[in-house]
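Visitor: return atomic coordinates for the entry below.
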Amino acid sequence: MGDEKLKEVFNLFSKDKGKKKIPAQDIGMVVRSSGLTPTQKQLQAAIVGNGVEIVSGDATFDQVKKIVAQLQNTRNSDIEGSLRRALEFFDADGADTVAVTEISHVLQSFGEKMKSEDTDEIFRQADVDGFGQVQISEFAAMLAQAVAQAQQ
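Guide: Below you'll find the model as predicted:
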């Protein structure tokens, strides 16, 4: 969510328009309206970490913006970790690599089946070595970044 949209949502919760603050208990609704779904623990940690008192405090737009950015980074890390764990399933020798042909086959055969042109495009953007392998950590990071950009 862009700054302008976040500001619009923030202003909906700002009860005293002159103060330009929202009550701490409304931060979760603002965060969730931006498309994020943090756990209560993650939300509280982000709120406290950005200097807002949870029980009786108020938050400025800049604080809420930092909270949203922090939670976005957490979500991206979670996505990247999930992708890495899924790709490691195909790493038979533990070398942190996976064969492009293997991943292409899976993407074209299971779940929402992709066309070969689509998988070819994904691997054109990836750093494929001379043996037709991609580094799992790099590939997972690239995919997580693509997911994050698609969700914005």
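Visitor: could you use CA atoms for every contact and neighbour count after this?
Guide: Noted.
Visitor: can you tell me the average pLDDT over stretch 42-56?
Guide: Stretch 42-56 shows a mean pLDDT of 83.
Visitor: what do you get for stretch 91-105?
Guide: 89.
Visitor: again, but for stretch 24-39
Guide: Rounded mean pLDDT across stretch 24-39 is 88.
Visitor: and the host helix or strand of A146, what's buried?
Guide: A146 belongs to helix 136-150 when assigned by DSSP states H and E. Within helix 136-150, the residues that qualify as buried are I136, S137, E138, F139, A140, A141, M142, L143, A144, Q145, counting by 16 or more other CA atoms under 10 Å.
Visitor: other SSEs contacting that helix?
Guide: The contact analysis (3 or more CA pairs under 8 Å, 6 or more residues apart in numbering; DSSP states H and E) places helix 136-150 against helix 61-88.
Visitor: what angle sits between the helix it packs on and helix 136-150?
Guide: If you take axes from the mean of the first three to the mean of the last three CA atoms, to 10 degrees, helix 61-88 sits at 140 degrees to helix 136-150.
Visitor: renumber starting at 17 from here on
Guide: New numbering, starting at 17: the last item is helix 77-104.
Visitor: how about helix 77-104: buried residues?
Guide: 77, 79-81, 83-84, 86-88, 91-92, 95-97, 99-100, 103-104.
Visitor: now for the next helix or strand after it, which elements pack on it?
Guide: The C-terminal neighbour of helix 77-104 among helices and strands, as given by DSSP H and E, is strand 113-115. On a contact count with 3+ CA pairs under 8 Å, 6+ apart, strand 113-115 meets strand 149-151.
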